[in-house]
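Chemist: need coordinates for the following:
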Amino acid sequence: MSLYAKLAERAAQGKPLRIGLIGAGKFGAMYLAQVPSTPGVHVAAIADLAPAAAKANLARMGWKPERFAAGSIDAALATGATHLSDDWDALLRHPQIDIVVECTGNPIAAVEHCIAAFARRKHIVNVTVEADALCGPLLARRAAEAGVVYSLAYGDQPALICDLVDWARAAGFPVVAAGRGHKWLPHFAQSTPETVWGHYGLTAEQARTGGLNPKMFNSFLDGSKPAIESTAVCNATGLVAPPDGLTYPPASIDDIPSVCRPIAEGGVLHEKGQVEVISSLERDGREIGYDIRFGVFVVFEGETEYIRNCFREYMVRTDPSGRYACLYKRWHLIGLEVGISVASVGLRGEATGAPIGFNADVVATAKRDLKAGETLDGEGGYTVWGKLLPAWKSIELGGLPLGLAYGARLTRAVKAGQPLTWSDASVDEALTAVKIRREMEALFTPPRAQRAA
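Modeler: Model prediction:
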């Protein structure tokens, strides 16, 4: 039975999934825009630190004021309306909230929200993939111990990549590579909120008109977000990270099977079963036609001549050998698709992607020469960008997770291009996120640890 049919059945029974949303910014607003046309779902509570801004977002997407005017969560449950406040803890404490959608985008806050939700036996759909990259393996374990589901958010690229990987494996195909697209040139790694719009393809005026956050968009441009999302994919699928970070090979969609194959066969992969991000720009800046900038892909292998002949018969675009093929989605709809995760978690008890191990990590890396005493400003800012590394390599060098590079002060200078370590910065050990990360590093042994020897 389809998810839609199951949702319609819950609606007919008067037993909708009862949702609490933490964070009603851009991503959360996109999900909320779909809720009125989705049966069997009731967003009973929204918590946002800026209720006025949340109300403005709700109005922008077409919600009538009376829809979010419930004076309490109990009133919302009784009337079918929504209660809006700035109290996320009250949302988590309410016994009738089934699923919490964590949508703050703040990894330190998101980890705290997830841990508190598990303590209250709430399922989590975690939109804040930065938190998953920081300590997702332990979050997934804590959820399982509490008897609830922890899930990546469908519509965001990691969950969509996990879906394609699962499709390939369930159909019997070995996965050779998987990943997403990106507009990338090497110097973008040094981009700041002041330079982002020129690189991104918008004017500053267009960005202001759209209310776009330059730091957030810069986190995509400078490579931090691709590294974060690739970390989540590695940890959820068992795929491996490139040994020294993403290489962003330029390619059209039709060329992905040729590019994402082993180096010995003319591709860029150090081994089969690796993540990679495909650039939509040639190294000289020329745009590539039929690109996958906003999409996701999986490269899979036809192991036998019979299967490769099937590829030929059905005109599947492959590499020149006919061995490697690609399935892809050229677009992702971000928050507009989160309802798939909500339905899967609430109706099937099944995550749309969740960590199964500690395979990869994203390490804060200096954008420029940094001085002792400087304060780090996290992903997309002026001081650091995120680099994807195998988890064993990150642990060996004592890499500072990008998710903790917010507000930490440098205790010594770090040269441009160098990874930061725990000993380079003063982090607040009292933070829940720091404690969980420390515990995760102690509990999880990354695969290939012997290579660090």
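Chemist: from the chain's centroid, how far away is stretch 211-228?
Modeler: Using Cα atoms, centre = their mean, to the nearest Å, the distance from the centre of stretch 211-228 to the centre of the chain it belongs to is 12 Å.
Chemist: endpoint to endpoint, it covers what distance?
Modeler: 24 Å (Cα to Cα, to the nearest Å).
Chemist: dump stretch 349-368 to CSV, keeping only the CA atoms.
Modeler: Output of stretch 349-368 as CSV, limited to C-alpha atoms (Å, rounded to 0.1, in the frame of the first residue of the first chain):
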residue,chain,number,x,y,z
GLY,A,349,8.5,3.1,11.2
GLU,A,350,11.2,3.4,8.6
ALA,A,351,13.8,6.1,8.2
THR,A,352,14.6,7.6,4.8
GLY,A,353,18.3,7.3,5.5
ALA,A,354,20.0,7.0,8.9
PRO,A,355,23.6,6.3,10.0
ILE,A,356,24.8,2.8,10.2
GLY,A,357,28.4,3.5,11.1
PHE,A,358,31.2,6.1,11.4
ASN,A,359,32.7,6.1,7.9
ALA,A,360,33.3,9.8,7.1
ASP,A,361,33.7,13.1,8.8
VAL,A,362,33.8,16.8,7.9
VAL,A,363,36.7,18.8,9.3
ALA,A,364,37.0,22.6,9.7
THR,A,365,39.7,23.9,7.4
ALA,A,366,41.2,27.4,7.4
LYS,A,367,40.1,29.6,4.5
ARG,A,368,42.9,32.0,5.2
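Chemist: in that stretch, what's buried?
Modeler: By neighbour count, and taking 16 or more other Cβ atoms under 10 Å as the criterion, the buried residues in stretch 349-368 are 351-355, 357-367. Glycine gets a C-beta too; all of them are placed from N, C-alpha and C.
Chemist: let me know the average pLDDT across it.
Modeler: Confidence over stretch 349-368 (mean pLDDT, whole number) is 98.
Chemist: just to revisit the earlier point, residue 227: which of the buried residues of stretch 349-368 is nearest?
Modeler: Distance to residue 227 across the buried residues of stretch 349-368 (Cβ to Cβ) is lowest for residue 362, with 4.5 Å.
Chemist: name the helix or strand for that closest one, please.
Modeler: Taking DSSP states H and E as the criterion, residue 362 maps to strand 360-366.
Chemist: residues making contact with that strand?
Modeler: Under the criterion Cβ atoms under 8 Å, 6 or more residues apart in numbering, residues 133, 189, 224, 227-228, 230-231, 234-235, 240-241, 275, 376, 383-391, 393-395, 397, 399-405, 414-420 lie in contact with strand 360-366.
Chemist: of those, which qualify as buried by neighbour count?
Modeler: For the contacts of strand 360-366, a burial check counting by 16+ other Cβ under 10 Å picks out 133, 189, 224, 227-228, 230-231, 234-235, 240-241, 275, 376, 383-391, 393-395, 399-405, 414, 419-420.
Chemist: which ones among those map onto strands?
Modeler: Among the buried ones among the contacts of strand 360-366, the members falling in strands are 275, 376, 384-390 (criterion: DSSP state E).
Chemist: from those residues, which is closest to residue 104?
Modeler: For residue 104, the closest of these turns out to be residue 386, at 18.1 Å, with distances computed as Cβ to Cβ.
Chemist: just list the residues touching the closest one, thanks.
Modeler: Counting by Cβ under 8 Å, 6+ apart, residue 386 touches 223-225, 227-228, 362-365, 379, 402.
Chemist: closest one of those residues to residue 35?
Modeler: Each of these was checked against residue 35 using Cβ to Cβ; the closest is residue 225, at 25.7 Å.
Chemist: out of everything not next to it in sequence, what's closest to the closest one?
Modeler: On the basis of Cβ to Cβ, 6 or more residues apart in numbering, the spatially nearest residue to residue 225 that is not a chain neighbour turns out to be residue 219, at 4.9 Å.
Chemist: then residue 151?
Modeler: The nearest residue in space to residue 151 (Cβ to Cβ, 6+ apart) is residue 351, at 3.6 Å.
Chemist: assumed the one you found was part of a strand.
Modeler: No: in this structure, residue 351 is coil, not part of a strand, as judged by DSSP: H, G, I helix; E, B strand; the rest coil.
Chemist: from residue 170, how far off is it?
Modeler: Relative to residue 170, residue 351 is positioned 15 Å away (Cβ to Cβ, to the nearest Å).
Chemist: in this structure, what spans have low per-residue confidence?
Modeler: Counting by pLDDT under 70, the low-confidence segments of the chain come to 1, 449-453.
Chemist: in the longest helix along it, what counts as buried?
Modeler: With secondary structure taken from DSSP state H, the chain has its longest helix at helix 129-146. For helix 129-146, burial by neighbour count (16+ other Cβ under 10 Å) applies to 129-143, 146.
Chemist: check stretch 187-203 too.
Modeler: Neighbour-count burial for stretch 187-203, counted by 16+ other Cβ under 10 Å, picks out 188-189, 191-193, 195-197, 199-200, 202.
Chemist: one more: stretch 71-87?
Modeler: Within stretch 71-87, the residues that count as buried by 16+ other Cβ under 10 Å are 73, 76-77, 81-85.
Chemist: these in helices, which ones?
Modeler: Counting by DSSP H, the buried residues of stretch 71-87 place 73, 76-77 in helices.
Chemist: any chance of those residues in JSON lines, plus distance to residue 213?
Modeler: Output for these, formatted as JSON lines (distance: Cβ to Cβ, whole Å):
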{"residue": "73", "distance to residue 213": "29"}
{"residue": "76", "distance to residue 213": "29"}
{"residue": "77", "distance to residue 213": "33"}
